[in-house]
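Trainee: Fold the following and give me the result.
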Amino acid sequence: KAFGSTEEEFVRLVDKTWRANPQIAAVGSCCLVGAICWNKLYVANLGDSRAVMGTSVNTGIKAVRLSVEHNVGNEEVRQELKAQHPEDSHIVVLRQGVWRVKGIIQVSRSIGDVYLKRPELNFDPLFFTVGLSVPLK
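Mentor: Numbering: from 1, shown residues only. As a prediction, the model looks like this:
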């Protein structure tokens, strides 16, 4: 719920400011949160971060994975994206031996990266038009 609220608020900010600052549509972040409540550990992950806990065993310490990464290097994640976007044959692209969303990034879930989520904000970062508040003469 917190990740969703953060995403909604960031998208509102992008909507308000992207004409003056189009790069804001390309800002994104992963998020990994751990919280202990009543002796129970809760882990929430959005993106390609990984939560790992060390646990004591006879031979030392064993690393235990607590989360799964949202990365298109994972076949299940690629299939999920293809199922969610059947009309988009380029939703997942293999580029230089690395799977990427739209041929750009590996992470499949994030807060932000609005240009990948909203077609009207998708722009070529090399060529875009910015509305200026002061006319150029």
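Trainee: Look up phi and psi at G97.
Mentor: Main-chain torsions, G97, degrees, to the nearest 10: phi 80, psi 10.
Trainee: ranges for the strands of the chain?
Mentor: Remark: strands assigned in the chain by DSSP state E are 28-29, 31-37, 40-46, 52-57, 60-65, 92-95, 98-101, 111-112.
Trainee: Just give me how far the helix or strand of the chain with the lowest mean pLDDT sits from the chain centre.
Mentor: Lowest on mean pLDDT, DSSP states H and E among the helices and strands of the chain sits helix 114-117, with a mean of 84. Its chain's C-alpha centre and that of helix 114-117 lie 10 Å apart, by C-alpha atoms, centre = their mean, to the nearest Å.
Trainee: and that helix, which residues are buried?
Mentor: 114-116 (16 or more other C-beta atoms under 10 Å). From N, CA and C alone the C-beta is placed, and that goes for glycine too.
Trainee: For L32, see how far away I91 is.
Mentor: 24 Å (C-beta to C-beta, to the nearest Å).
Trainee: what about the residue positioned nearest the centre of the chain, distance to H85?
Mentor: Central residue of the chain (C-alpha atoms, centre = their mean): S110, 2.1 Å from the mean position. S110 is 16 Å from H85, where distance means C-beta to C-beta.
Trainee: thinking again about what came up before, out of the strands of the chain, which gets nearest to L81?
Mentor: Nearest to L81 among these is strand 92-95 (5.5 Å), distances taken as C-beta to C-beta.
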